[in-house]
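[1] Return atomic coordinates for the entry below.
(one chain, ligands or ions: 1)
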Amino acid sequence: MELVEQIKEGVIRGDIGVDRKVEELVKTALAKGIAVESILKDGLIAGMSVIGGQFKRNECYVPEVLVAARAMKSGTAVLKPLLADSHIEPVGTVVIGTVKGDLHDIGKNLVAMMLEGAGFNVIDAGIDVAPEKFIQLAKEHNADVIGMSALLTTTMTKMKDTVEAIRASSLGKKVRTIIGGAPVTQRYADEIGAGGFAPDAASGVDRAKQLLGIA
Ligand code: B1M
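    Predicted coordinates:
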């Protein structure tokens, strides 16, 4: 199997066996002169998008996604210094966080990993994030999208506060918003005027791409 294909497979399987470690495969590919862009897009991102599709169709579960994301991260860590020197632009910047009062972060982390896997620059604001913090980070990083996660019916309302605060800020309509989390629905997104809703991590990537007009 070709090296880039092995990297893709390594992400899908999540580093099975010492000889299949994604980090090592990426180093070998670089040593053989394979382009950084190809390693990233055809290897790491391609592998993560396979996992994303499987997760969406319930063909795999949270542990498999976490293992794949870990393998992917080990590969991107090798590429990061090279990416900074190359001309590969991230497809967009997303500030993501769990809204004020809410400490659940497993789902939010999955969405963040999938977005990174799809080539986005992800700024993770963490948990218990106030509207002002989302806005401050979005301004600092010139974000295209603000992603909010909430797992409690009591904290969902903070999404409304955040969307309203964004609209009232200088970010105005420049920044798109995506919301998600177990109690959140498309109907709620429409009600509060969020740009999009995603029921799972892979759909979060689809929605972000859709909002930014990326095929
Ligand atoms: Co909490 N908790 N919890 N909890 N907890 C729930 C959510 C609950 C449903 C359990 C229950 O009662 N059955 C319930 C909420 C009830 C409600 O509001 N209707 C609940 C409660 C009540 C609480 C406390 C209030 C309990 C207490 O202290 N009395 C408390 C609140 C603390 C707080 O936040 N202020 C609390 C605390 C905790 C722990 C700290 C113990 C822990 C969180 C650990 C952590 O996250 N680091 C925890 C956990 C683990 C859960 C359950 C068991 C699992 C949540 C989870 O991680 N799911 C949960 C019950 C359940 O769901 N079965 C429960 C897996 C995760 C992958 O799914 O987060 O839905 P999820 O993310 C999905 C999608 O929703 C979507 O993509 C993800 C991947 O597909 N998605 C997005 C999520 N965010 C997105 C953002 C996007 C797009 C998609 O765009 C930006």
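
[2] Residue ranges of each domain in this protein, please.
    What automatic domain parsing lists as the domains of the chain is 2-86, 93-211.

[3] Show me which residues of this structure sit near the ligand.
    Contact residues (Cβ under 6 Å from any ligand atom) of the chain with the ligand: 62, 96, 101-108, 110-111, 147-149, 151-154, 178-183, 198, 200-201, 204. Every C-beta, even on glycine, is put in place using the N, C-alpha and C of the backbone.

[4] ok, 5 Å please
    Residues of the chain lying near the ligand by Cβ under 5 Å from any ligand atom: 102-107, 110-111, 147, 149, 151-153, 178, 180-182, 198, 200-201, 204.

[5] Buried ones among the residues you listed?
    102, 104-105, 107, 110-111, 147, 149, 151-152, 178, 180-181, 198, 200-201, 204 (16 or more other Cβ atoms under 10 Å).

[6] quick one: the closest residue to S86 other than its chain neighbours and K174, what's the gap?
    The spatial neighbour of S86 that comes closest, neighbours along the chain excluded (Cβ to Cβ, 6 or more residues apart in numbering), is V36 at 5.5 Å. Taking Cβ to Cβ, to the nearest Å as the measure, V36 and K174 are separated by 30 Å.

[7] Against A112, how distant is the residue nearest to V65 when sequence neighbours are not counted?
    On the basis of Cβ to Cβ, 6+ apart, the spatially nearest residue to V65 that is not a chain neighbour turns out to be F55, at 5.3 Å. When Cβ to Cβ is the yardstick, F55 and A112 sit 14 Å from each other.
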